[in-house]
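*Asks:* Generate a structure from the sequence data that follows.
(chains A and B)
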Amino acid sequence: MYVAVKGGERAIENAHKLLAEYRRGDKDIPELDIRQIEEQMSLAVSRVMTEGSLYDKELASLAIKQARGDLIEAIFLMRAYRTTLPRFGYSVPIETNNMQISRRISATYKDLPGGQILGPTFDYTHRLLDFTLAANGEASLSSHEAETRLDKSMPRVLDDLLHHEGLIQPEPRPDYEEQQPVGDITREPMEYPTNRDIRLQNLARGDEGFILSLGYSTQRGYARNHAFVGEIRYGEVAVEMVPEELGFAIDIGDIEITECENVNQFKGSKKALPQFTRGYGLTFGQNERKVISMALVDRALRDKELGEEIIAPAQDEEFVLSHSDNIEATGFVEHIKLPHYVDFQSELELVRKMRREALQNQAAQEAAE
Amino acid sequence: MTEQQRVDSYNFAYLDEQTKRMIRRALLKAVAIPGYQVPFAGREMPMPYGWGTGGVQVTAAVIGPEDTLKVIDQGSDDTTNAVSIRNFFAKTAGVPTTDKTADATLIQTRHRIPEKDLREDQILIYQVPIPEPLRFLEPRETETRKMHALEEYGLMHVKLYEDIARHGHIATTYAYPVLVNDRYVMDPSPIPKFDNPKMNEMAALQLFGAGREKRIYALPPYTKVQSLDFEDHPFVTQEWEDICGMCGADNTFLDEVILDDLGNRMFVCSDSDHCNERQAAGHLGPLNGDASYTPEAAE
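*Replies:* Numbering: from 1, shown residues only, chains lettered A, B, ... in the order given. Model (predicted):
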């Protein structure tokens, strides 16, 4: 006899136990320590902190361990934790001019004040599997210390160098920010059309892969705005906050960030003279792929401001901003595995009815012929 | 009813009080403008978008220690996601939970309205995936908001008309659009159109939460809710040739259950509580002890 499915509760509990076993894998292999993840999977940690919108390496490492290395799942764990945290206030804008630089490059000048600082980069490695790592052997790890110190002043390529000739789009504080503080997409629902503060926040926590592909599409002619990396810098900056009871800014810690400013060709429009235009990208930790892509998409989304025709997906803010969040996307995409049998039942009835009608019509036609 | 022990490490019903206040404000606005979608700053919840985060946030904002909660998915209290959401509130709010529609003060639902009539002292909370009824006709939010503001629903009527022209009837079976209080066209969430008439003039307050899309809307008690139709093609609900195999009901929404790979199937009420109650009251269906019918005899 038919018995309605029961016992969902026990099934869920057992599934969770099994999941924990799968996460652990073979118990003869030592368990991962979250410190190991933090130190040796630092780029994964960077991504999870950025898209999780929470700067905490230890929690990000825990999330990666708990998510069995599924970074979107780890980002989700960070987001869900983040929403439960009280909001003490907002920091003073970070000052990337004063960054403790680990890497700083520009594609627009060969040599520039402050110099090109390669830092820790995959850029010129040959992608050959290193079997000494597989054997847990390690090549010599001591890097050479430079004889000269970095310049104290590390001028910004766009603001300090290109700006002199007036060739680069000026970046004044926008009018709307005078009347209202910078938006917060974690506290206010998105409403269109948006301003750039909202767009940049959305892109910063947006999925790396999605932003990468959109950025790529602009290079392939879908809203082409030929871009160069004006400057990328990666390093540590101080975060400051003004506690109400003190009335002045205090340093609450350092964070690692990557920042990118792109320079784009612009032929001019009715609204603006020919000039170089800008795109901006910023992430926690080190993630150049993301900041460069973000800067491309940011630039593409400035179409209205520059009086450009909207012809491509990357320029369409509603399209870009409503599909960039991988937690929203993965949830809605994956939810179609949840039970839908009530809907499906309704569809079954409909398809049967429509088939019946179609067959009757066919039969009637054949009879008439 | 099951009494539960609350976990102390989170605030009552998980969300902090500030967030609840923000959601309640959106709810008040939604009740004041029936069928209008109110944007709200939806939070990330500890379950994925698409699993009912909107409904969960609304429930968290209105639930109190005195409430008794029922959670259904596809009409049933026993589907895995209903179990999971019920446990979530049992754990974070410590409220009693129930399977009995009549005993619940709050009912969170996905894709169904209970068969039993709801009362004035009950609240029905729907989980909503896509709150915008016009979304599949016009993907842009900027456009659809304008269409609602101007009461410009021609596109929807054209779509329904095209269905009739092509199929002879309206080919929408769930999430069938409704007109609320003679003003806003509203998505009833993906309930089967069988349930649409229950929304009209319902005694209970109906709240709708769309977490991913960050929208809340509502139907105050006794609100007029009409399923869209035409004078010469009036709205009709689904009908089944079969009756429930378990309780013999002939007026409920039936799920089809595949019995084997030979095409044999039976039908059973999707509302499991309603079905159990009928069986307990002695109503038996053909597959449940009705002597005139056995699976063997059917073969």
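*Asks:* I'd say residue A:199 and residue A:322 touch.
*Replies:* No - in this structure, residue A:199 is not within contact of residue A:322 by CB atoms under 8 Å, at 11.7 Å. From N, CA and C alone the C-beta is placed, and that goes for glycine too.
*Asks:* Show the pLDDT at residue B:299.
*Replies:* According to the prediction, residue B:299 has pLDDT 36.
*Asks:* Please apply the same query to residue B:293.
*Replies:* 45.
*Asks:* pLDDT weak spots in the chain?
*Replies:* No chain in the question, so chain A it is. Residue ranges of chain A with pLDDT under 70: A:1-7, A:139-140, A:176-177.
*Asks:* Switch to chain B, please.
*Replies:* B:1-5, B:290-299.
*Asks:* Mind jotting down where the helices sit in it?
*Replies:* B:17-32, B:53-62, B:80-93, B:141-149, B:154-167, B:196-199, B:272-280, B:295-298 (DSSP state H).
*Asks:* Need the winner for burial among the ones you listed.
*Replies:* Per residue and on average, the most neighbours among the helices of chain B fall to helix B:53-62, with a mean of 26 (mean count of other CB atoms under 10 Å in any protein chain shown).
*Asks:* out of residue A:199 and residue A:322, which sits in the busier spot?
*Replies:* residue A:199 (23 against 19; other CB atoms under 10 Å in any protein chain shown).
*Asks:* Phi, psi for the more buried one please.
*Replies:* Backbone torsions for residue A:199, taken as degrees, to the nearest 10, come to phi -60, psi -40.
*Asks:* Contact partners for it?
*Replies:* Neighbour list for residue A:199: A:298, A:301, A:317, A:321 [criterion: CB atoms under 8 Å, 6 or more residues apart in numbering or on different chains].
*Asks:* now the third one, nearest residue through space, not along the chain?
*Replies:* By that I understand residue A:317. residue A:301 (5.4 Å; CB to CB, 6 or more residues apart in numbering or on different chains).
*Asks:* What of the first one?
*Replies:* Of all residues not flanking residue A:298 in the chain, residue A:279 sits nearest, at 4.4 Å (CB to CB, 6+ apart).
*Asks:* and the one you found, how many neighbours does it have?
*Replies:* The burial count for residue A:279: 28, using other CB under 10 Å.
*Asks:* and it, helix, strand or coil?
*Replies:* strand (DSSP: H, G, I helix; E, B strand; the rest coil).
*Asks:* one step back: pipe the contacts of residue A:199 into CSV and attach neighbour count per row.
*Replies:* Compiled in CSV, the contacts of residue A:199 are given as follows (neighbours: other CB atoms under 10 Å in any protein chain shown):
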residue, neighbour count
A:298, 26
A:301, 25
A:317, 23
A:321, 21
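*Asks:* Serialize those to JSON lines and add fields for secondary structure.
*Replies:* Output for the contacts of residue A:199, formatted as JSON lines (three-state DSSP):
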{"residue": "A:298", "secondary structure": "helix"}
{"residue": "A:301", "secondary structure": "coil"}
{"residue": "A:317", "secondary structure": "helix"}
{"residue": "A:321", "secondary structure": "helix"}
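*Asks:* Mind putting these into a markdown table with distance to residue B:144?
*Replies:* Formatted as a markdown table, those follow (distance: CB to CB, whole Å):
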| residue | distance to residue B:144 |
| --- | --- |
| A:298 | 26 |
| A:301 | 21 |
| A:317 | 16 |
| A:321 | 16 |
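*Asks:* what's the closest non-adjacent residue to residue B:167?
*Replies:* Nearest to residue B:167 is residue A:354, by CB to CB, 6+ apart, at 6.2 Å.
*Asks:* Report how many residues lie close to that neighbour.
*Replies:* 15.
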